[in-house]
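Participant: Quick check, what structure comes out for this input:
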Amino acid sequence: MRLTLDFGKLSRVAEIATGCVPVVIQDVDTKVVLLVGYTNEEAMKVAFAERMLVLWSTSRGRLWRKGAASGNAYELVEARVNCEQNSLLYLVRPKMKDGGICHVVSGDGKPYTSCYYRKINLNTLDLET
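Facilitator: Next up is the predicted model:
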């Protein structure tokens with residue numbers, strides 16, 4: 001499989017999801033970066049109040065409570081903001097022992113633990129799992 005980055009994603013997000021900032025989601029224990037999502041003020045306040053991973057779904061235009069459908073919920077342990085206050089870092093802990101965060105499943109039918117499961121060959125731009 002070849003690398004095909006979606007360089008138009010942020011433009012589309014800016015058009016349909018005004019008032020959003022990116023959020024890096026990192027496992028507080030393993031330090032693995034799990035995914036990058038988006039939040040708006042509403043989703044951020046809900047996440048902080050519930051101490052759970054709640055984001056803003058830019059594709060659905062509504063709150064996204066991670067794990068509401070799959071059961072793979074994440075506790076929000078800590079939140080940090082970058083120096084320019086235009087992105088956040090959420091440190092989270094999975095509620096399920098062997099759950100995954102990615103919507104893509106591996107060969108064994110389980111979701112990947114991180115959305116960053118493919119490595120890019122820097123010479124060929126091919127993807128490796």
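Participant: Next secondary structure after the helix or strand of the chain with the lowest mean pLDDT?
Facilitator: Lowest on mean pLDDT, DSSP states H and E among the helices and strands of the chain sits helix 9-16, with a mean of 85. Proceeding N to C from helix 9-16, the next assigned helix or strand is strand 21-27, under DSSP states H and E.
Participant: Outside of that next one itself, which residues are in contact with it?
Facilitator: Under the contact criterion CB atoms under 8 Å, 6 or more residues apart in numbering, strand 21-27 has outside partners 32-40, 53, 55, 74, 86-94, 101. Yep, even glycine has a C-beta here, placed from its N, CA and C like the rest.
Participant: now swap in stretch 118-129 and tell me
Facilitator: M1, R2, L3, Y117.
Participant: give the contact list for the first one.
Facilitator: M1 is in contact with R118, D126, L127, counting by CB under 8 Å, 6+ apart.
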